[in-house]
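**Student:** Please find the sequence and the predicted model below.
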Amino acid sequence: MTEAAEHRDGPGLKTVVGASAAGTAFEWYDFFVFGSLATVIAKHFFADAGETVSYIMALLTFGLGFVVRPLGALVFGWFGDRTGRKTTFLVTITMMGLATVAIGLLPDFNTIGIAAPILLLVMRMLQGFALGGEYGGAAIYVAEHSPQQKRGLLTGWIQTTAAMGLIGALAVILITRAAVGAEAFDDWGWRIPFLLSALLLAVSLWIRLKLNESPAYKRMEAEAGENRAPYREAFLQWKNGRFVLIALFGIMIAQGAVWYCGYFYTRFFMEKVLKVDTNTVDQLVLMVTVASAFLYIFFGWLSDRVGRKPVMLFGMILALVAFFPGFHALTRAANPALAEAQISAPVTVAADPADCNLLFDPIGKAVFSSSCDIARIALSNAGVPYETVKAPSGAPTVIRVGGAEVASVEGAGLAPAALKAARTDVETRARAALTAAGYPEKADPARINMPLTFAILMIFMVAACALYGPQAAALVELFPTRVRYTAMSLPYNIGTGWVGGLLPAASFALVAASGNIYFGLWYAVAFTVVAVVVSLLWLPETRGRDLDTIGD
């Protein structure tokens, strides 16, 4: 049977693309609601930790949903290659929807104690497990229905679903917050976006039940029957295994770094470092996401004309060029008072290096009591960048704000109540010195340069879209039909799951530990540099490949 005849027997190409994209967009909505509400979730589920630590723990919970994605890729990839694309992504979307609704129903820490963050973690991991099998199925399903000359364009619609899901998540959050009020939203209204997933799940299942199996899979099933071993063929045969490695290190680690830095770390940076109002941050992210949504389709279309590799390399290199100057410019545009204070009254912590510990406590149980640690925690809680300079051995720690000095205190050996009082005293005196030097407690809305901030964020979006737009077509074209689901899903979910999902938490922790608000960018830069080198040396151009003859 010809491909045209197969399409006549089943749903048309527009239905295939629309149904696949809509279902995947709903699943991304589920996943991104959590990331967009990290600040609120930190207050409800990690109430016994300090402000900085609780936020890092919320980000780590967000990231752990990504960590389990490769496991989901392995499990659902195997089922997708053995039992079909359609059945597999019906299962993944059901699992995702149920886990999301459950998060909206969970009691918080003040109600059930430590069980609250544990249950939250379990639901988040179920979300990640489900999403690990979703993307590969949708991208492959569309690609296996698409004509060669339009494969980049049509799979670009799957790529834009991540933006559509984020748009939906942000829109629902903004509307709900406006409807119930900011105070009620922080108290209980944050649950509404999660509970709405029940409706989205019903719609998604109804749409996807209308689809048939892909023509490429049906041809492979008829020819190969049960004689298939996806794991062995994908990972233990070098002809396929080497492309799994190239896909991971030449494309996907950059995808995780560039996309999640552009979409999520910019958000965290504006909200937690630049102290921009949360509602303003939501509006900015929503605007740039809407403005950039169809760039995925454009760059997918462009890759049909000039090739997948040059378009993706353009995105990687643009990101590398833009990261550091872009974030410096973002500070000047979104919180000019902070940028001015950094110049006129730089903050330093003069301390004995032996007195300073790494301020990273993922379980929230470490006690930082040295005079250096107390000083740096005070500045981190104030959201102020600082530099640690070496003082003579045994010298007391001093915070210098321009010409003013604030002496820290030694907390080792103090009782918990006395240690807390000592920290409060240092923080109070430090904040007074910072205020006197012109450091703002929050970004002044009247001074935010919204057009410039929008333009800076759009540069990051263009880089992310150029890398992500052609990616589905490029990954599908690297592997034969019999192992395609398994082989492409694993590197995709390691790159986006491990590199991308942990980026916000790792970058924010680097900032908190170093005192340099831009130091966290080195995480994204390092992974992107590796990907550029691997892509230039080993990634083949795949545009125009016949999906039925790959691997023959």
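**Tutor:** Alright, I've got the coordinates.
**Student:** And the helices in the stretch 1-150 of the chain?
**Tutor:** In the stretch 1-150 of the chain, the helices defined using DSSP state H, counting those that start in this stretch lie at 3-9, 13-36, 38-45, 51-67, 69-83, 85-105, 109-112, 115-143.
**Student:** Repeat that for the stretch 451-552 of the chain.
**Tutor:** Along the stretch 451-552 of the chain, counting by DSSP H, counting those that start in this stretch, helices occupy 471-478, 484-494, 503-514, 521-538.
**Student:** Nearest to Phe460, out of those helices?
**Tutor:** Among those, the nearest to Phe460 by CB to CB is helix 521-538 (10.2 Å). For the C-beta atoms, the positions are set from N, CA and C on the backbone; glycine is no exception.
**Student:** okay, the angle between that closest one and helix 503-514?
**Tutor:** Helix 521-538 runs at 130 degrees relative to helix 503-514, counting by axes from the mean of the first three to the mean of the last three CA atoms, to 10 degrees.
**Student:** For Met270, list the residues it contacts.
**Tutor:** 276, 281, 284, 330, 334 (CB atoms under 8 Å, 6 or more residues apart in numbering).
**Student:** circling back: which stretch among the helices of the stretch 451-552 of the chain comes nearest Gln127?
**Tutor:** So among the helices of the stretch 451-552 of the chain, helix 484-494 is nearest, using CB to CB, at 12.8 Å.
**Student:** what's that closest one in contact with?
**Tutor:** Contacts of helix 484-494 with the rest of the structure, by CB under 8 Å, 6+ apart, involve 66, 69-70, 72-74, 76-78, 80-81, 85, 88, 131-133, 135-137, 139-140, 230-231, 234-235, 240, 243-245, 247-248, 251-252, 255, 475-476, 478-479.
**Student:** hang on, the earlier thing: go through the helices of the stretch 451-552 of the chain and name the closest to Leu120.
**Tutor:** helix 503-514 (15.0 Å).
**Student:** Helix 13-36 and that closest one, what's the angle between them?
**Tutor:** Using the same axes, to 10 degrees: helix 503-514 against helix 13-36 is 30 degrees.
**Student:** that older thread, need the helices of the stretch 1-150 of the chain in TSV with mean pLDDT, mean neighbour count and distance to Leu170, can you?
**Tutor:** Shown next, in TSV, are the helices of the stretch 1-150 of the chain (pLDDT from 0 to 100; neighbours: other CB atoms under 10 Å; distance: least, CB to CB, whole Å):
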stretch	mean pLDDT	mean neighbour count	distance to Leu170
helix 3-9	43	13	36
helix 13-36	76	23	6
helix 38-45	80	22	13
helix 51-67	70	23	15
helix 69-83	77	23	22
helix 85-105	83	22	16
helix 109-112	86	14	26
helix 115-143	82	24	18
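**Student:** Could you save these as a markdown table and add columns showing distance to Asp186?
**Tutor:** Below are these laid out as a markdown table (distance: least, CB to CB, whole Å):
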| stretch | distance to Asp186 |
| --- | --- |
| helix 3-9 | 50 |
| helix 13-36 | 14 |
| helix 38-45 | 6 |
| helix 51-67 | 14 |
| helix 69-83 | 29 |
| helix 85-105 | 15 |
| helix 109-112 | 13 |
| helix 115-143 | 16 |
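**Student:** Could you work out which of those reaches nearest to Asp355?
**Tutor:** helix 51-67 (19.3 Å).
**Student:** any residues touching stretch 191-202, and which ones?
**Tutor:** Applying CB under 8 Å, 6+ apart, the contact partners of stretch 191-202 are 26, 29-30, 33, 37, 93-94, 96-98, 100-101, 103-105, 169, 172-173, 176, 180.
**Student:** Neighbours of Asn357, how many?
**Tutor:** Burial of Asn357 is recorded as 15 neighbouring residues (other CB atoms under 10 Å).
**Student:** oh, and call the first residue 129 from now on, that's how I've got it
**Tutor:** New numbering, starting at 129: the last item is Asn485.
**Student:** Now for it: which residues touch it?
**Tutor:** 496, 498, 500-501.
**Student:** rerun that using 7 Å as the cut-off
**Tutor:** Shown in contact with Asn485 (CB atoms under 7 Å, 6 or more residues apart in numbering): 496, 498, 501.
**Student:** Now rank those residues by neighbours and give me the top one.
**Tutor:** For those, neighbours tallied by other CB under 10 Å; top is Asp501, 23 neighbours.
**Student:** okay, that residue: pLDDT?
**Tutor:** pLDDT for Asp501: 89.
**Student:** What distance do you get for it to Val512?
**Tutor:** Between Asp501 and Val512 the computed distance is 16 Å (CB to CB, to the nearest Å).
**Student:** cool, and Ala592?
**Tutor:** Ala592 is 29 Å from Val512, by CB to CB.
**Student:** More neighbours: which of those two?
**Tutor:** Legend: neighbour count by other CB under 10 Å for Ala592 and Val512, higher for Ala592 (27 against 24).
**Student:** residues near the closest residue to Ala535 other than its chain neighbours, how many?
**Tutor:** Nearest residue to Ala535 in three dimensions, chain neighbours excluded: Val526, at 5.7 Å (CB to CB, 6 or more residues apart in numbering). Val526 has 17 neighbouring residues, counting by other CB under 10 Å.
**Student:** Against Lys142, how distant is Val526?
**Tutor:** Applying CB to CB, one obtains 67 Å for the distance of Val526 from Lys142.
**Student:** same check, this time on Leu218
**Tutor:** From Leu218 to Lys142 the distance is 20 Å (CB to CB).
**Student:** now do Arg319
**Tutor:** Arg319 is 36 Å from Lys142, by CB to CB.
**Student:** same thing with Phe397?
**Tutor:** 39 Å.
**Student:** Check the secondary structure at Thr563 for me.
**Tutor:** helix (DSSP: H, G, I helix; E, B strand; the rest coil).
**Student:** tell me the contacts of it?
**Tutor:** Per CB under 7 Å, 6+ apart, neighbours of Thr563: none.
**Student:** how about CSV for the contacts of Asn485, with distance to Tyr424 added?
**Tutor:** Output for the contacts of Asn485, formatted as CSV (distance: CB to CB, whole Å):
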residue, distance to Tyr424
Phe496, 44
Ser498, 49
Asp501, 45
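**Student:** What about these, which are in helices?
**Tutor:** Asp501 (DSSP state H).
**Student:** which one of the contacts of Asn485 is nearest Ser642?
**Tutor:** Closest approach to Ser642 among these (CB to CB): Asp501, at 13.7 Å.
**Student:** Quick one: residues contacting the closest one.
**Tutor:** 484-485, 487.
**Student:** rerun that using 6 Å as the cut-off
**Tutor:** Applying CB atoms under 6 Å, 6 or more residues apart in numbering, we find Asp501 in contact with Asn485.
**Student:** continuing past the helix or strand harbouring Ala312, what's the next helix or strand?
**Tutor:** Using DSSP states H and E, the element containing Ala312 is helix 310-312. Counting by DSSP H and E, the element after helix 310-312 in chain order, helix or strand, is helix 319-323.
**Student:** For that following helix, list every residue counted as buried.
**Tutor:** For helix 319-323, the neighbour count (16 or more other CB atoms under 10 Å) marks 319-322 as buried.
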